[in-house]
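Enquirer: structure here, sequence nowhere to be found:
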């Protein structure tokens, strides 16, 4: 199968050597240089296969692809600052919430439990089935033997109770 690149084998070898020299002069890392050079060849081959018109200056086209990839590489590098050895550990984010956040969350959950417990029975049950168990209003109506409209009204009452409790200092004496 003939090569999709419109260059002879001799031209490919010389062009690859020059391409890698250009990339190496503009990119610091050897690994990045190799990646950019290889990606340039792959993009050119894909472009040649997809193109309806022949590429007149294959070498120039390849070098333009490489220059664009170098620009992209520099932009990505500028977006994230380099990390030096010991400083690398300082940039690692602990996925666990901090103790203060855990405490605040627990306090808010306990407060929500008290607000929900203070609701009348039916709105509380509709809220629980909808928001905690994820049932639709139709499913809640079937389960509780209520019309969909009645379920909707109970949910409205539950949400109103939550809103009123949130707007006031519900159980502020605790």
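Expert: Alright, I've got the coordinates. Just so we're clear, the structure is a prediction, and the values are computed from it rather than from any experiment.
Enquirer: which stretches of the protein have low pLDDT?
Expert: For the chain, the stretches with pLDDT under 70 are 1-6, 79-92, 169-174.
Enquirer: give me the domain ranges for it.
Expert: 9-84, 100-167 (automatic domain parsing).
Enquirer: mind putting the ones you listed in TSV, distance to residue 93 and mean neighbour count included?
Expert: Bear in mind the C-beta positions are built from the backbone N, C-alpha and C, glycine included. Formatted as TSV, the domains of the chain follow (distance: least, CB to CB, whole Å; neighbours: other CB atoms under 10 Å):
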stretch	distance to residue 93	mean neighbour count
domain 9-84	13	14
domain 100-167	13	15
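Enquirer: let me have the ones you listed in TSV, extended by distance to residue 94.
Expert: As requested, these are exported to TSV (distance: least, CB to CB, whole Å):
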stretch	distance to residue 94
domain 9-84	17
domain 100-167	12
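Enquirer: any chance you could map the helices in this structure?
Expert: Using DSSP state H, the helices of the chain run over 9-26, 30-50, 58-79, 88-91, 99-117, 121-127, 137-144, 148-167.
Enquirer: now the third one, how far from the centre of its chain.
Expert: It refers to helix 58-79. Centroid separation between helix 58-79 and its chain, computed with CA atoms, centre = their mean, to the nearest Å, is 25 Å.
Enquirer: same question for stretch 127-138.
Expert: 29 Å.
Enquirer: from residue 64, how far out is residue 57?
Expert: Residue 57 is 9 Å from residue 64, where distance means CB to CB, to the nearest Å.
Enquirer: likewise residue 151?
Expert: Taking CB to CB, one finds residue 151 at 64 Å from residue 64.
Enquirer: same thing with residue 15?
Expert: Using CB to CB, residue 15 is found at 13 Å from residue 64.
Enquirer: ok, now residue 44?
Expert: Taking CB to CB as the measure, residue 44 falls 10 Å from residue 64.
Enquirer: same question, residue 111
Expert: According to CB to CB, residue 111 and residue 64 sit 62 Å apart.
Enquirer: what of residue 32?
Expert: Using CB to CB, residue 32 is found at 19 Å from residue 64.
Enquirer: hang on, residue 124 packs against residue 115?
Expert: No - Residue 124 is beyond contact range of residue 115, at 9.8 Å (criterion: CB atoms under 8 Å).
Enquirer: who's in contact with stretch 27-43?
Expert: Here stretch 27-43 makes contact (CB atoms under 8 Å, 6 or more residues apart in numbering) with 5, 16, 19-20, 23-24, 62, 65-66, 69-70, 73.
Enquirer: including distance to residue 140, could those go into JSON lines?
Expert: As requested, those are arranged in JSON lines below (distance: CB to CB, whole Å):
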{"residue": "5", "distance to residue 140": "65"}
{"residue": "16", "distance to residue 140": "68"}
{"residue": "19", "distance to residue 140": "66"}
{"residue": "20", "distance to residue 140": "67"}
{"residue": "23", "distance to residue 140": "63"}
{"residue": "24", "distance to residue 140": "66"}
{"residue": "62", "distance to residue 140": "64"}
{"residue": "65", "distance to residue 140": "59"}
{"residue": "66", "distance to residue 140": "62"}
{"residue": "69", "distance to residue 140": "56"}
{"residue": "70", "distance to residue 140": "59"}
{"residue": "73", "distance to residue 140": "55"}
